[in-house]
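In: mind looking at a prediction? Sequence and model below.
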Amino acid sequence: MKKSKLVFGLAALCLAFGLVFSMSAFKATTENPSQKKRAEHFYRYIGPDYSESEIRDYTNYERSDSPCEDGVNLCGVFLASDPSGTDQPVQSELDAVANNLWTSQQNGSSVDSETILMRE
């Protein structure tokens with residue numbers, strides 16, 4: 001009798017833990033994991049022209065808060081870093097998106113509208 005109470009108690013405990021685990025494992029999330037969050041810092045393109053070498057040059061971008069009007073030329077890019085003491089982006093961070101910047105300019109439309117903005 002004593003043994004059956006112990007077995008019954010352990011079974012009830014296992015069932016309780018199982019219910020808690022299964023309920024917490026299937027909670028609905030409020031955030032869509034497929035959506036990436038836009039980086040916070042916008043760098044406006046200020047290059048002399050829209051050639052590939054100028055678009056890839058990180059010195060042709062400066063920190064800006066002003067938005068861009070829609071258009072077919074590169075306006076700027078959102079990046080995660082905001083280095084102190086300079087208005088220019090981190091070179092390695094811009095290099096990581098340089099192909100997308102150039103492709104956007106060639107296509108006349110952004111290949112990533114969350115990160116790259118276009119203008120007239």
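Out: Looks like it arrived, so ask away.
In: below-threshold pLDDT in the chain: ranges please.
Out: Scanning the chain with the threshold set as pLDDT under 70 gives 1-2, 5-38.
In: what segments of it are helices?
Out: 2-25, 52-56, 91-107 (DSSP state H).
In: buried ones in the last one?
Out: Residues of helix 91-107 classed as buried: 93-94, 97-98, 101-102, 104-105 (neighbour count, 16 or more other Cβ atoms under 10 Å). The way it works is simple: take the backbone N, C-alpha and C, and place the C-beta from them, glycine included.
In: who's in contact with that helix?
Out: By Cβ atoms under 8 Å, 6 or more residues apart in numbering, the list of residues contacting helix 91-107 from outside reads 43, 50, 52, 55-56, 58, 61, 73-74, 77, 79-81, 110-112, 115-116, 118.
In: swap in 7 Å and give it another go.
Out: Here helix 91-107 makes contact (Cβ atoms under 7 Å, 6 or more residues apart in numbering) with 50, 52, 55-56, 58, 61, 73-74, 77, 79-81, 110-112, 115-116, 118.
In: what's the answer for the second one, then?
Out: In this structure, residues lying in contact with helix 52-56 by Cβ under 7 Å, 6+ apart are 47-48, 60, 74, 98, 101-102, 105.
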